[in-house]
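> Okay, predicted coordinates and the sequence, questions at the end:
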Amino acid sequence: MFNFLPILREAIARWWSEFTLQTKLMAAATLAVSLLMSGLTFWAVNTIQQDVRLNDTRFGRDLGLLLAANVSPLIAEDNLTDLARFSARFYSSTSSVRYLIYANEEGEIFFGIPYSTAEVKNSLTIERRIQLPENYGENGETPLIRQHKTPDGEVTDVFVPLNHEGKYLGVLAIGINPNAIVVASSNLTRDVTIAVFVSIWAMVILGAVFNALTITKPIKELLVGVKNIAAGNFKQRVDLPLGGELGELILSFNEMAEKLERYEEQNIEEMTAEKAKLDTLMSTIADGAILLDTNFQLLLINPAAREIFGWEDREIIGQNVLHLFPSELTVKLTKPLYQIAAGEPLQNEETANQNQKNAVINQENNNYAPAEFRLSLTYPKPCTIRILLTQVFDQYRENVRGIAMTLQDITRETELNEAKSQFISNVSHELRTPLFNIKSFIETLTEFGEDLSDTEKREFLETANHETDRLTRLVNDVLDLSRLESSRNYNLDALDIGQLIEQTLRTYQLNARDKGLELSSDIEANLLPILGHYDLLLQVLTNLVGNSLKFTPAGGKVVIRAYKISRDNPQETLKIRVEVSDTGIGIDAEDQSAIFDRFYRVENRVHTLEGTGLGLSIVKNIIEKHYSQINLISEVGIGTTFWFDLDLYQGLIASKKINDVSL
């Protein structure tokens, strides 16, 4: 029982909470009115009953006094026969008297009407005495009246003392029946009131149930549907078989949800297509692109930017880029990023002049020129980048919504600029020295030719001729490199590598003998023809052998080798490897990575021999056009070996490469 009551209260509270405020107010008003009307009705009935009881009391008292006055002489004479006859006539003459009981002064009953009914007999059997207050007969001048309830209504009991000639003879008890008409009216009024009260609340409950089933439930369903629609769930539908205005409202809601769902699907498709276009565009941009919000959280990044910073395998979207950038870049960009996010113009060494020129225009357009920065990074790989920072405004161009960063890897550009500067320096030096020597000797011959001997004149002319050859080599090297880097096409054909090596040996044999060097070849027998360009490969061998002779001391050796490369996989194409080895002074490890760069000369650091610094760069370009690469192994004081691999001439493969070679 104790566990059931809390559950019942909770259920009632939950049920009551589901009603709307209007329904609760209507229920409270109905309850107040019904209680008021019921109270007034019961008050009226109670008033009528009190009046009836008062009338019954008066009637019983008067009737008792009248009857007592008539029967007292008979009792005094002990004439019980006449008493019985008189009492019977009196009892039968009125329906208002329920019973008549006579008791002596001790309260013992000696006569009563009716005797015949079992109810009275039982009462007489059970109650043989009437318990009266002490000294009732002596002090009782007026009747005692009381009421008691019976199944037939409220009976008024009147106790009248029997006195005759000043002597107390006993007591007469008369039972007065209630007024039948009044009782029936009171009962009817009470029943009607209860019926009206129950009917009102039955109607209220039925109305609440009807309201819940026909109005409240659909409205709640619509409310849930509207909340789901507001939350973005456009698949929400209300399925209730209702007609009338509610049915039209539900139908309109479902139509609205269906249109919103189609609109959302269309928007999603368009957004997906636009995002795919944007992703495709971002991924195809060669420069790095990064989009940030005003809190510097990364919103978008393309593969080029990921590669620059080494973020290929990291999930970085949504993170603060100032925590991701290399330390030197974070130090460089922290202040500019905060300025851009605050909508302030930037003034730095790259954009100061441009910002000053466009200050008026930018202020009118609420925009600023992109800020440009250049920085050399050491992590994750050494490179030089140019960074452009641009503000991203809202559609009204009033507030800054983000920052766009464009990253350009200008490492190659920087290297080319350095190489160009080095080239200009080298060429200037190489041109100035021979031109100065040529001009000096020619001026000497012109001004003092008559004073010079034939031997001196010949020596001056030989020196001028040597310097002229030096200028010719420099110009030829520059032209060769320019030609290799141009779009000129060369045809590759079948070549005998042995023939190329033999011609190279013939060219440098006398030079090697003069320097006290041994120049030889080691060619594997029965080598198949290779695919290549005769003049270009001859230039490769000439440059490599020339460098070996230049940097090999007297008594050293220079060997040219050619042999087949064995393959573990039979499906791989056979190749011929060509090596040029010497026992020269070697190349330091720190120079080996840059030895093939244009205008880079080892002799600038450890040697004193002349050179243009273009020979090995020309070799590298030629070998790359033969679908291979030049490699070297060197140790200072031991020697150096350059080697590269060439494809064999093989039918369709060869014909394809012959018809499409871009040099």
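Nice, thanks for sending it over. All of these numbers come straight from a predicted model, not from anything done at the bench. Residues are numbered from 1 along each chain as shown.

> Which other helices and strands does the helix or strand where Leu249 lies contact?
For Leu249, the host element (DSSP states H and E) is helix 244-284. Here helix 244-284 touches helix 217-230, going by 3 or more CB pairs under 8 Å, 6 or more residues apart in numbering; DSSP states H and E. All C-beta atoms are positioned from the backbone trio N, CA, C, and that covers glycine.

> For the helix it packs on, what is the distance to the chain centroid?
How far helix 217-230 lies from its chain's middle: 26 Å, per CA atoms, centre = their mean, to the nearest Å.

> State the pLDDT value of the residue located most distally from the centre of the chain.
In the chain, counting by CA atoms, centre = their mean, Glu77 sits farthest out from the average C-alpha position, at 115.8 Å. At Glu77, the pLDDT value in this model is 84.

> what do you get for Leu337?
For Leu337, pLDDT reads 91.

> Could you do Gln354 as well?
At Gln354, pLDDT is 48.

> and what of Ser186?
At Ser186, pLDDT is 66.

> can you list the weak-confidence ranges in the stretch 251-400 of the chain?
Along the stretch 251-400 of the chain, segments meeting pLDDT under 70 span 282, 345-369.

> what about the helices in it?
303-309, 327-341, 352-357, 359-365 (DSSP state H, counting those that start in this stretch).

> same deal with the stretch 51-200 of the chain?
With DSSP H, counting those that start in this stretch as the criterion, the stretch 51-200 of the chain has helices spanning 80-93, 118-126, 136-139, 180-211.

> and those helices, which one's lowest on average pLDDT?
helix 118-126 (a mean of 44).

> List the residues that contact the residue positioned nearest the centre of the chain.
Of all residues in the chain, the one closest to the mean position by CA atoms, centre = their mean is Gly318, 9.9 Å from it. Applying CB atoms under 8 Å, 6 or more residues apart in numbering, one finds that Gly318 lies in contact with 297-298.

> Could I get the phi/psi values of it?
phi 90, psi -10 (degrees, to the nearest 10).

> Which element, helix or strand, includes the spatially closest residue to Leu445 that is not a sequence neighbour?
Residue nearest to Leu445 in three dimensions, not counting chain neighbours: Phe460, with 5.6 Å by CB to CB, 6 or more residues apart in numbering. Element membership for Phe460, per DSSP H and E: helix 454-484.

> List the neighbouring strands of the next helix-or-strand element following that helix plus their orientation.
Under the assignment DSSP H and E, the closest C-terminal helix or strand after helix 454-484 is strand 493-495. Strand 493-495 pairs in its sheet with strand 530-532 (antiparallel), by DSSP bridges.

> centre of the chain versus the strand it pairs with, how much separation?
59 Å.

> Next secondary structure after that strand?
helix 534-550.

> List the contacts of the very next helix or strand once past that next one.
As assigned by DSSP H and E, the chain's next helix or strand after helix 534-550 is strand 557-564. Residues from elsewhere that reach strand 557-564, judged by CB under 8 Å, 6+ apart: 497-498, 501, 504-505, 512, 517-524, 527, 541, 545, 548-549, 552, 574-583.

> quick one: the nearest residue to Ala286 once chain neighbours are set aside and Ile290, what's the gap?
Leaving aside its chain neighbours, Ala286 sits nearest to Ala304 (6.3 Å; criterion: CB to CB, 6+ apart). Applying CB to CB, to the nearest Å, the value for Ala304 to Ile290 is 10 Å.

> next one: Ile410
17 Å.

> The two: which is more packed in?
Ile290 (23 against 16; other CB atoms under 10 Å).

> residue contacts, that one?
298, 300-302, 305, 321, 404-405, 407.

> swap in Leu445?
452, 457, 460-461.

> Need the contact partners of stretch 375-387.
288, 308-310, 326, 328-329, 332-333, 372-374, 405-411, 413-414.

> Just the buried ones from those residues?
Burial by neighbour count, judged by 16 or more other CB atoms under 10 Å, picks out 288, 308-309, 329, 332-333, 372-373, 405-411, 414 from those.

> per-residue confidence averaged over the helix or strand hosting Asp522?
Under the criterion of DSSP H and E, Asp522 resides in strand 518-523. What strand 518-523 shows for mean pLDDT is 93.

> next one: stretch 471-482
For stretch 471-482, the mean confidence score works out to 71.

> same question, stretch 29-37
On average, stretch 29-37 scores 75.

> Number the chain from 432, please
Sure, I'll start counting at 432 from here, so that last one is stretch 460-468.

> With only the CA atoms kept, save it in CSV.
Extracted C-alpha coordinates of stretch 460-468, given in CSV (Å, rounded to 0.1, in the frame of the first residue of the first chain):
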residue,chain,number,x,y,z
ALA,A,460,-12.9,26.5,-13.0
THR,A,461,-15.2,23.5,-13.5
LEU,A,462,-14.2,22.1,-10.2
ALA,A,463,-14.8,25.4,-8.4
VAL,A,464,-18.2,25.9,-10.0
SER,A,465,-19.3,22.3,-9.4
LEU,A,466,-18.2,22.4,-5.7
LEU,A,467,-19.9,25.7,-5.2
MET,A,468,-23.2,24.5,-6.7
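
> can you give me phi and psi for Asn830?
phi -120, psi 140.

> ok, the nearest residue to it once chain neighbours are set aside - how many residues close by?
Once flanking residues are discounted, Asn830 sits nearest to Phe824: 6.7 Å by CB to CB, 6+ apart. By other CB under 10 Å, the residues close to Phe824 number 15.

> my guess is Phe824 contacts Ala835, does it?
No. Taking CB atoms under 8 Å as the definition, Phe824 is not a contact partner of Ala835, at 10.8 Å.

> CSV for the contacts of Leu876, including neighbour count and distance to Thr877?
Shown next, in CSV, are the contacts of Leu876 (neighbours: other CB atoms under 10 Å; distance: CB to CB, whole Å):
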residue, neighbour count, distance to Thr877
Leu883, 14, 11
Lys888, 15, 11
Phe891, 20, 11
Leu892, 13, 12
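
> Can you pull the poorly scored residue ranges out of the stretch 982-1094 of the chain?
Those would be 998-1004, 1029-1044, 1082-1094, if you go by pLDDT under 70 across the stretch 982-1094 of the chain.

> quick one: the helices in it?
According to DSSP H, counting those that start in this stretch, the helices that the stretch 982-1094 of the chain contains are 1020-1023, 1046-1056, 1082-1090.

> circling back to that earlier point, return the distance of the helix holding Leu680 from the chain's centre.
19 Å.

> got the angle between that helix and helix 648-661?
If you take axes from the mean of the first three to the mean of the last three CA atoms, to 10 degrees, helix 675-715 sits at 10 degrees to helix 648-661.

> Show me the two of the contacts of Leu876 that sit farthest apart.
Leu883 and Leu892 (10.7 Å; CB to CB).

> Relative to Asp1022, how far out is Asp1028?
10 Å.

> I'd like to know how many residues surround Ile873.
14.

> typo on my end, it should be Lys988
Using other CB under 10 Å, Lys988 has 16 neighbouring residues.

> So what pairs up with it in the strands?
Glu949.

> ok, and the closest non-adjacent residue to Tyr522?
Ile544 is the one closest to Tyr522 (CB to CB, 6+ apart), at 4.8 Å.

> what about that neighbour, how many neighbours?
19.

> list the contacts for it?
By CB under 8 Å, 6+ apart, the neighbours of Ile544 are 515, 518-519, 522, 530-531.

> In PyMOL, select just the buried ones from the residues you listed.
Listed next is the PyMOL selection for buried residues among these, using 16+ other CB under 10 Å:
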select buried, resi 515+518+522+530+531
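
> if we can go back for a sec, out of the contacts of Ile721, give me the two with the largest separation.
Asn733 and Val752 (14.1 Å).

> ok, back up a step: let me know whether the residue nearest to Ala717 touches Glu743 as I believe.
No. Checked against CB under 8 Å, the pair Ala735 and Glu743 is beyond contact range at 10.9 Å.

> Neighbour count: the two, which is higher?
Just comparing Ala735 and Glu743: by other CB under 10 Å the higher neighbour count belongs to Ala735, 19 against 9.
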